[in-house]
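Enquirer: Fold the stuff below for me.
(one chain, ligands or ions: 1)
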Amino acid sequence: MMAMDLDALKRAAALKAVEFVRDGMVVGLGTGSTAKHMILALGEKVRAGMKLRCVPTSKETATLAREQGLTLIDADNAWVIDVAIDGADQVDPAFNLIKGGGGALLKEKIVAASAKQFIVLVDQTKRVPVLGGSFPLPIEVIPFGWGSTAREIEALTKSPVVLRERNGSPFHTEAGHVILDVHLARIDNPCELETALNLIPGVVETGLFVGRTDLLIVGTPNGVETYPATRA
Ligand code: 5RP
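Expert: Numbering: from 1, shown residues only. Below you'll find the model as predicted:
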């Protein structure tokens with residue numbers, strides 16, 4: 001599918017998502033090209049008189065949100081987020097996610113975890129029968145000893161681990177960490193893997209979002225599909 005068509009699907013999903021945002025809410029703002037459409041749509045609502053307070057998951061999102069006239073909450077506050085809305089890199093049939101393609105996974109997970117409702121927006125190309133394969137799993141780690149953390153991750157997953165770079169240098173997250181991208185052929189048990197990875201010293205957070213999605217909104221060429229998550 002052409003990039004332009006995909007962008008239209010992302011926008012359609014974002015327009016559906018903002019229907020769930022009500023006056024007076026505290027909204028968690030995700031990061032990425034899909035989340036961008038949602039922020040633009042919220043900007044329109046605020047200019048039309050809706051009152052919102054927002055928690056951004058990256059500097060990029062904060063800048064766009066401010067440009068759109070959204071009010072941001074001080075990041076050091078103990079917020080209660082009514083709804084967080086974010087994109088994803090992959091979604092499996094149980095609505096588990098891989099996130100972190102943009103490197104914002106840590107703040108994204110903190111915001112998703114503290115939201116009463118977590119809405120995930122994707123175009124249909126992000127849906128996969130099983131996580132992994134075409135998209136590596138990002139893991140945020142402390143720079144100190146990252147090589148030995150990578151070895152531990154390699155031993156656990158039996159998969160290649162690559163330090164993410166940007167312009168020839170290690171990519172640093174907003175929290176000053178680095179990202180290891182793990183090329184797993186398939187992730188059959190995301191919950192087990194997330195738990196095991198989090199036990200490795202040096203691992204700050206993984207891009208696996210397991211059992212967190214409350215509502216999945218998918219942009220398809222035939223229209224927008226909305227799926228509430230069913231909890232076991
Ligand atoms: C950033 C993310 C993004 O949500 C994810 O990469 C999807 O991005 P896009 O909407 O641009 O495809 O997790 O850390």
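
Enquirer: Look up phi and psi at the closest residue to residue 90 other than its chain neighbours.
Expert: Spatial nearest neighbour of residue 90, excluding adjacent residues (Cβ to Cβ, 6 or more residues apart in numbering): residue 98 at 4.2 Å. Yep, even glycine has a C-beta here, placed from its N, CA and C like the rest. Per-residue torsions, residue 98: phi -110, psi 130 (degrees, to the nearest 10).

Enquirer: beta partners for residue 98?
Expert: residue 90, residue 208 (DSSP bridges).

Enquirer: next helix or strand past the helix-or-strand element of the chain with minimal mean pLDDT?
Expert: Here the helix or strand of the chain ranked lowest by mean pLDDT, DSSP states H and E is helix 3-17, holding a mean of 92. Going down the chain from helix 3-17, the next helix or strand is strand 26-29, by DSSP states H and E.

Enquirer: Quick one: the helices in the protein, in order.
Expert: 3-17, 33-47, 59-67, 105-113, 146-157, 190-198 (DSSP state H).

Enquirer: still on that earlier bit, give me the distance from the least confident helix or strand of the chain to the chain's centre.
Expert: The chain centre lies 16 Å from the centre of helix 3-17; the measure is Cα atoms, centre = their mean, to the nearest Å.

Enquirer: again, but for stretch 190-209
Expert: When C-alpha coordinates are averaged (Cα atoms, centre = their mean), stretch 190-209 and its chain have centres 15 Å apart.
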